[in-house]
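Chemist: Here's my sequence, what's the structure:
(one chain, ligands or ions: 1)
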Amino acid sequence: MPASNPQIKLVVADTLSAAKAVAQIIADQVKVKPNAVLGLPTGSTPIPVYEELVKMYQAGLIDFEQVRTFNLDEYVGLKPDHPESYAAFMAKHLFSKINIPTCQTHLLDGLTPNPESECKAYEDRLVKEGGMDLLFLGIGENGHLGFNEPFSQVGEGTRMVMLTVETRLANSRFFSAIDQVPTHALTMGLRTILSSKSIVLLAIGKKKAKAIKMCLEGEIKDEWPCSVLKGHEDVLVVCDGDAASGM
Ligand SMILES: N[C@@H]1[C@@H](O)[C@H](O)[C@@H](COP(=O)(O)O)O[C@@H]1O
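Modeler: Numbering: from 1, shown residues only. Just a heads-up that it's a prediction; the model follows:
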């Protein structure tokens, strides 16, 4: 199925093959550049990719010793050991199972008393490390990238944002009730996302079909943050048939 924007490449595969394809892209990047800087997402979509990377590591097919990572986002107000913090998610699904030194994994501090300086320091650290070589993205049902909700601006960097009710509702499946879902988050901005040298986005399931359509087709629209990817020259979107069914 060709993408209407010739700059964005699209691959449609079954769910497991899609996750394996993304893991292979990450492994290939690390093979070419052992100290690659990777941008990483959370959510349910990346879990099979992280499982695949762990298997590759255990089989001696990938070495994370020199890799550096920057996570896309973090909830405000959750302690790093809260099971739904993104710090805990990354430790559980990836970092505790591979040989990456902790000092090379970067996450925004959701407990910071000064979000502005925390976000600026995060951007500065990313620049100091040479910027992202490869950013792996998931996507929200409303087209959010990281926590850049609809009407985020393309010029925005890492910052604190308020979450939409629909995002809190979508993510409430991980919490005991919607009022337990944080109202704010720290997130890389769309400008930060677009600064990555290459981007691979994985989308699985019918609920992502509209967002994927807006990502690949038509103009860049403020209501659909994912549509800004049309402005980047090296984006690969990997989908299952359901996520690609809107096109
Ligand atoms: N901040 C994250 C996003 O980075 C992620 O892409 C999205 C989709 O999650 P899932 O893969 O569970 O659908 O969820 C959260 O809101």
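
Chemist: what's the closest non-adjacent residue to Leu126?
Modeler: Once flanking residues are discounted, Leu126 sits nearest to Phe70: 5.6 Å by CB to CB, 6 or more residues apart in numbering. From N, CA and C alone the C-beta is placed, and that goes for glycine too.

Chemist: Look up which residues are beta-bridged to the one you found.
Modeler: Residues in a beta bridge with Phe70, per DSSP bridges, are Gly39, His106.

Chemist: what sits against it?
Modeler: By CB atoms under 8 Å, 6 or more residues apart in numbering, the residues touching Phe70 are Val37, Leu38, Gly39, Leu40, His106, Tyr122, Arg125, Leu126, Glu129, Met132, Met188.

Chemist: So which bits of this protein are right by the ligand?
Modeler: Residues of the chain lying close to the ligand (CB under 6 Å from any ligand atom) are 41-45, 72-73, 138-140, 146-147, 167, 171.

Chemist: For the nearest residue to Ile8 once chain neighbours are set aside, what are phi and psi?
Modeler: Sequence neighbours aside, Val235 is the residue nearest to Ile8 in space, at 4.8 Å (criterion: CB to CB, 6+ apart). The phi/psi pair for Val235 (degrees, to the nearest 10) reads phi -120, psi 130.

Chemist: you'd agree Val235 is up against Gln7?
Modeler: Yes - contact criterion CB atoms under 8 Å: Val235 and Gln7 qualify, at 6.9 Å.

Chemist: Which residue of the two possesses the greater neighbour count?
Modeler: Using other CB atoms under 10 Å as the criterion, Val235 and Gln7 rank with Val235 on top: 24 against 12.

Chemist: Give the bridge partners for the more buried one, please.
Modeler: Going by DSSP bridges, Val235 forms beta bridges with Ile8, Ile199.

Chemist: Can you give me the distance of it to Gly241?
Modeler: In this view, Val235 and Gly241 are 20 Å apart by CB to CB, to the nearest Å.

Chemist: Could you do Phe151 as well?
Modeler: Separation of Phe151 from Gly241 (CB to CB) stands at 30 Å.

Chemist: Could you do Glu141 as well?
Modeler: In terms of CB to CB, Glu141 sits 17 Å off from Gly241.

Chemist: Name the residues of the longest helix along the chain that are buried.
Modeler: Longest helix of the chain, by residue count under DSSP state H: helix 15-32. Buried residues in helix 15-32, defined by neighbour count with 16 or more other CB atoms under 10 Å: 15, 18-27, 29-30.

Chemist: Stretch 98-105 too?
Modeler: Within stretch 98-105, the residues scored as buried using 16+ other CB under 10 Å are Ile98, Ile100, Gln104, Thr105.
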